[in-house]
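*Asks:* One predicted model, sequence on top.
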Amino acid sequence: MKLPDDQLQRLALHSAFGFHLIAKWMAGRSDVDPEIRDRLSVHIAALDGVLSANGHDWIRDEIEGTEEALHSR
């Protein structure tokens with residue numbers, strides 16, 4: 001599938017935000033395997049870096065909060 005750059009960027013952003021919502025939901029659960037929590041945290045940190053580097057730092061506090069919640073249980 002070949003998408004124009006603007007649509008590819010929109011798809012990437014929506015995918016990242018969707019992933020964040022799933023990780024945030026999983027961070028609030030006590031039945032998530034610790035290894036999964038750690039792996040989600042690594043991916044969330046990577047998303048935070050990429051989003052911030054590309055001008056989407058407005059969501060940084062929320063993403064960092066999700067990352068902290070993944071480590072808290």
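*Replies:* That came through, no problem.

*Asks:* CA atoms only: put stretch 21-28 into PDB for me.
*Replies:* Extracted in PDB, the C-alpha atoms of stretch 21-28 (Å, rounded to 0.1, in the frame of the first residue of the first chain):
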ATOM      1  CA  LEU A  21      -4.700   4.500  25.000                       C
ATOM      2  CA  ILE A  22      -4.300   0.700  25.100                       C
ATOM      3  CA  ALA A  23      -1.100   1.000  27.200                       C
ATOM      4  CA  LYS A  24      -2.800   3.500  29.500                       C
ATOM      5  CA  TRP A  25      -5.700   1.000  30.000                       C
ATOM      6  CA  MET A  26      -3.300  -1.800  30.600                       C
ATOM      7  CA  ALA A  27      -1.300   0.300  33.100                       C
ATOM      8  CA  GLY A  28      -4.400   0.500  35.300                       C
END
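
*Asks:* Determine how far that stretch lies from the middle of the whole chain.
*Replies:* Mean-position distance between stretch 21-28 and its chain equals 9 Å (C-alpha atoms, centre = their mean, to the nearest Å).

*Asks:* low pLDDT regions in the protein?
*Replies:* Judged against pLDDT under 70, the chain has no low-scoring part.

*Asks:* In it, which helix is the longest?
*Replies:* helix 5-27 (DSSP state H).

*Asks:* Quick check: buried residues in that helix?
*Replies:* Across helix 5-27, burial judged by 16 or more other C-beta atoms under 10 Å covers 16, 20, 23, 24, 26, 27. (C-beta placed from N, C-alpha, C; glycine too.)
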